[in-house]
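Asker: got a predicted model here, sequence first, then my questions.
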Amino acid sequence: SIYESKGVEILSVDASIDKIDYEPGATLFLPLLGVKEFPLLKLLKKKKINTVLTIHGLRLLDYKIDLYNIDYVAGLLAKTKALIQELTLPVRQAVYKYSIKKYTKYADTIITVSNYTLARMAKYCHINKVLLQFQGTYLEANDSYNDKFGKSEDYILFVSGNRSEKNLARTIDAYKHYLKCSEKKMPLYVVGTSAQTRKALTRSLKLDSLVDARSIVFFDYLDDNELISLYRQASFLLYTSKSEGFGLPALEAAKFGCPVVAAYGTSIPEVLGTN
């Protein structure tokens, strides 16, 4: 309704947003502003521009040092950089806390998407500025929808495998143990991985034989209909994320009748409740 109203103008500009001349009393909606960009809130405040900031989660503050994150990159230099990033996590968290406390006070309104994130933000933000708006899913089967993946076998589905916070590397190690112990060996379908990530994980976790045998099947980024088809055919969604501001895949899976086996942490229990 905001986009369709006559009071909204969408501009494409080749300039920093604080360099633009705005009409008096203009309001800017700032989705997912990065920590490095937080100083913009102060600059916009000086220009008397109203700002509405969206913060899905304070994900960095949920993290713990995790050497599995090194498995997502290949090559000595990349792995060294990943290791340094892990070992400097406490420093990065301290900078993050400082930036949140210093700059979010300049936002006129903050929107977040879960009670979990709201409670976390209460430590760092002026809580009277924060509005809670649960997410919905816009994933819909269109008129040309058809099941692109057959029902010939059961499989476990894992989505957003390219992002280390989704915990794929550790999950694959657990899956390898499952293959040794279980009589029913369902393949693991992993969606949303780049070729670079697949190569790194295959090498780091020694997955060649499992990939060749299609015990683990990697997919690139899929269109909506392909993803819906995977949700509809899967035995269950395996959602072992280490940190979520909301947890949209669980909601998407439920919409298309896919059971969810999920980590019990951060905001995930809010999405569907627990059983």
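Answerer: On my side now, so go ahead.
Asker: residues near residue 40, how many?
Answerer: As a burial measure, residue 40 scores 21 neighbours (other CB atoms under 10 Å). (Glycine included, C-beta is placed from N, CA and C.)
Asker: which ones are touching it?
Answerer: 16, 17, 18, 30, 33 (CB atoms under 8 Å, 6 or more residues apart in numbering).
Asker: quick one: contacts for the last one?
Answerer: By CB under 8 Å, 6+ apart, the contact list for residue 33 reads 40, 41, 53, 54.
Asker: are any of the contacts of residue 40 buried, and which?
Answerer: 17, 18, 30, 33 (16 or more other CB atoms under 10 Å).
Asker: quick check on the last one: phi, psi?
Answerer: Recorded main-chain torsions at residue 33 are phi -70, psi 130, according to degrees, to the nearest 10.
Asker: again, but for the third one
Answerer: Geometry field for residue 30 lists phi and psi as phi -110, psi 90, criterion degrees, to the nearest 10.
Asker: sorry, back to before: now, the contacts of residue 33 that are in helices?
Answerer: Among the contacts of residue 33, the members falling in helices (DSSP state H) are 40, 41.
Asker: can you pick the most crowded of the contacts of residue 33?
Answerer: Scoring the contacts of residue 33 on neighbours with other CB under 10 Å, the highest-scoring entry is residue 53 at 25 neighbours.
Asker: dump the residue contacts of the closest residue to that residue other than its chain neighbours.
Answerer: Excluding the flanking residues, the one nearest residue 53 by CB to CB, 6 or more residues apart in numbering is residue 107, at 4.3 Å. Applying CB under 8 Å, 6+ apart, we find residue 107 in contact with 30, 41, 51, 52, 53, 129.
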